[in-house]
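**Q** got a predicted structure plus its sequence, pasted below:
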Amino acid sequence: MWRIHDYYSRMITIIVFALLLLQISKAQDSPQQPEGLATENSKKNYHHMIVLVHGYIGTYREQEYLREALIKKSSSHSSCSRHLFSVFNSKANTKDSTDGIIQGGERLATEISSWIMQQRQKRPIKSEEESGEETFTMTLSIVGNSLGGLYSRYALSKLDWVFKGSENNQNNNNHYEAKIIPLIFCTTASPHLGISQDTFLKFPRWMEESYVPFLLGQQPTMNDLFRVKNSTIVMEMCHNHYDYLHPLGKFHKRIAVANAYQTDFLVSVSSAAMLSSKSDSMHYHQNNEDNANLNSGMIELSASMTRLMKNSTGHVALQVATTSVAAKTTAPAGKEIYDTKHGTSRSEGEDGAIKSCVDNLDRLGWLKIFLDTRNMFSNFLNLPTTHQLEKKQAIYASRELREQFHRYGTLFPVAHPLNMANSKTSWYRALTKRGQPIMDDLAELLVLDMIEFSEVSESSAQSS
């Protein structure tokens, strides 16, 4: 009897906590703090624009702690003296995140374009006869949380990387072309592959198609994520090179943060880290201590993969990188035909749809960070998971990583808001406080990468 009682006690604890998270769904909004500026912009050579994109039924405050961490890290490094950082919390989908990925992505693209123009106008152009202000480089980085990662990937297809305009000063009317350099594209627990057949509680495909849309109110967003009601946008974004993969490949670095061992009730590690049980896509082990030894004799990794996220909390289970294949070449002339009826590419069957999606994304080159935060909670909430991967192994196949990290490791799957320090309300911020150090480490990685890549890009442009 005591075992039954113990089991129900655990389940009641989980249910109560889950209900608490669900009830606090609307932010107790205070006026948004001004966007983060590291220092005054008069003598800056680089202007880094960072857009934070929230997820499903989220608010602009969802990533508020990450915004604060980015400002703090950008202000604390001595190498930031020539770099200005502006951080913007997207509001485009705060009240509308149920009408589908396409609609949300369109709104986000419009908002980003408008914000970039506003930032450009804050830097007045001076003629050569005037004081001759130094030229500066404008960059764009995006961090999408959960559904915000898919919104962001879609929005890239609608962004123009050259902004034209004019500014008036006392002497003349200056016309300009502001070229934006895409630097970092980062997602945290984003369902890149959707959530069909990959939820914490598994549903048969026939149930997803028949009952899930009914239970969730026929929401276009859920239709997109479950790939039902003829929705194909999730698969299109990883098969259509011209519209979606090519813009994503323009970024100097792509980062995917995923929650391992089924600790995330909403987004599986397979979808967040783009893994397939049928894919042999190679992932190269990255290690802060002996990275050089691991990579010796292998394919030379891009410089964008050399810096890793610090593991000051001990919650980073593994960091791996896929190599980019022609990620920065010109866009392909054609578009792959996608079968909207069957939800797969016409050149492959249903079984190969996810595999090809994973392989296409991996070819762009990613740093994938696997988080395991089970030790934040009591052992009675966790399940044992033997570590089958060799820690010093140099290369892992996608299917090996999925087999390792897709196993159930907890009865308390709250990593989705916890590890990203969700701050959309004061209650959420208090409940997810333990995840703040993880976001501190991520913020430092992003800031240091932005500084390095922008200076490398400028040097390359000058040499050419």
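**A** Sure thing, it's come through.
**Q** where exactly do the strands run in the chain?
**A** 46-53, 83-89, 137-145, 162-168, 173-188, 253-259, 282-286, 316-321, 338-339, 344-345, 367-371, 395-397 (DSSP state E).
**Q** next, format those as JSON lines and append mean neighbour count and distance to residue 379.
**A** Glycine gets a C-beta too; all of them are placed from N, C-alpha and C. JSON lines is the format used below for the strands of the chain (neighbours: other C-beta atoms under 10 Å; distance: least, C-beta to C-beta, whole Å):
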{"stretch": "strand 46-53", "mean neighbour count": "25", "distance to residue 379": "34"}
{"stretch": "strand 83-89", "mean neighbour count": "24", "distance to residue 379": "37"}
{"stretch": "strand 137-145", "mean neighbour count": "24", "distance to residue 379": "29"}
{"stretch": "strand 162-168", "mean neighbour count": "12", "distance to residue 379": "54"}
{"stretch": "strand 173-188", "mean neighbour count": "19", "distance to residue 379": "26"}
{"stretch": "strand 253-259", "mean neighbour count": "26", "distance to residue 379": "19"}
{"stretch": "strand 282-286", "mean neighbour count": "20", "distance to residue 379": "28"}
{"stretch": "strand 316-321", "mean neighbour count": "22", "distance to residue 379": "17"}
{"stretch": "strand 338-339", "mean neighbour count": "16", "distance to residue 379": "46"}
{"stretch": "strand 344-345", "mean neighbour count": "22", "distance to residue 379": "43"}
{"stretch": "strand 367-371", "mean neighbour count": "26", "distance to residue 379": "18"}
{"stretch": "strand 395-397", "mean neighbour count": "16", "distance to residue 379": "28"}
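**Q** export the ones you listed to TSV and tack on mean pLDDT?
**A** Listed next are those as TSV, based on pLDDT from 0 to 100:
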stretch	mean pLDDT
strand 46-53	96
strand 83-89	95
strand 137-145	95
strand 162-168	60
strand 173-188	82
strand 253-259	97
strand 282-286	92
strand 316-321	94
strand 338-339	44
strand 344-345	47
strand 367-371	97
strand 395-397	93
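**Q** could I get those strands as a markdown table with distance to residue 416?
**A** Shown next, in a markdown table, are these (distance: least, C-beta to C-beta, whole Å):
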| stretch | distance to residue 416 |
| --- | --- |
| strand 46-53 | 16 |
| strand 83-89 | 19 |
| strand 137-145 | 9 |
| strand 162-168 | 35 |
| strand 173-188 | 9 |
| strand 253-259 | 7 |
| strand 282-286 | 23 |
| strand 316-321 | 16 |
| strand 338-339 | 29 |
| strand 344-345 | 28 |
| strand 367-371 | 11 |
| strand 395-397 | 24 |
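**Q** quick one: which of those strands is nearest residue 386?
**A** strand 316-321 (13.4 Å; C-beta to C-beta).
**Q** excluding covalently adjacent residues, which one is nearest to the residue nearest the centre of the chain?
**A** The structure's the chain has its C-alpha centroid closest to residue 187; by C-alpha atoms, centre = their mean the separation is 0.8 Å. Of all residues not flanking residue 187 in the chain, residue 149 sits nearest, at 3.4 Å (C-beta to C-beta, 6 or more residues apart in numbering).
**Q** what sits against residue 138?
**A** Residue 138 sits next to 47, 49, 116, 119, 120, 178, 179, 180, 181 when contact means C-beta atoms under 8 Å, 6 or more residues apart in numbering.
**Q** residue ranges of the helices in the stretch 51-200 of the chain, please?
**A** Ranges of helices within the stretch 51-200 of the chain are 64-76, 101-121, 147-156, based on DSSP state H, counting those that start in this stretch.
**Q** tell me the most buried of the ones you listed?
**A** helix 147-156 (a mean of 27; mean count of other C-beta atoms under 10 Å).
**Q** relative to the whole chain's centre, how far out is that helix?
**A** Its chain's C-alpha centre lies 9 Å from the corresponding centre of helix 147-156 when counted by C-alpha atoms, centre = their mean, to the nearest Å.
**Q** stretch 56-73: how far from the chain's middle?
**A** Counting by C-alpha atoms, centre = their mean, stretch 56-73 comes out at 13 Å from the chain centroid.
**Q** dump it to CSV, restricted to CA.
**A** Extracted C-alpha coordinates of stretch 56-73, given in CSV (Å, rounded to 0.1, in the frame of the first residue of the first chain):
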residue,chain,number,x,y,z
TYR,A,56,3.2,30.0,-27.7
ILE,A,57,0.8,32.1,-25.5
GLY,A,58,3.8,34.0,-24.3
THR,A,59,4.5,37.7,-23.8
TYR,A,60,7.4,40.0,-24.5
ARG,A,61,8.5,39.5,-20.9
GLU,A,62,9.0,35.8,-21.4
GLN,A,63,12.8,36.3,-22.2
GLU,A,64,13.2,39.3,-19.9
TYR,A,65,15.8,37.6,-17.8
LEU,A,66,17.8,36.8,-20.9
ARG,A,67,17.6,40.4,-22.0
GLU,A,68,19.0,41.5,-18.7
ALA,A,69,21.8,39.0,-18.9
LEU,A,70,22.7,40.1,-22.4
ILE,A,71,22.9,43.7,-21.2
LYS,A,72,25.0,42.8,-18.2
LYS,A,73,27.4,40.6,-20.1
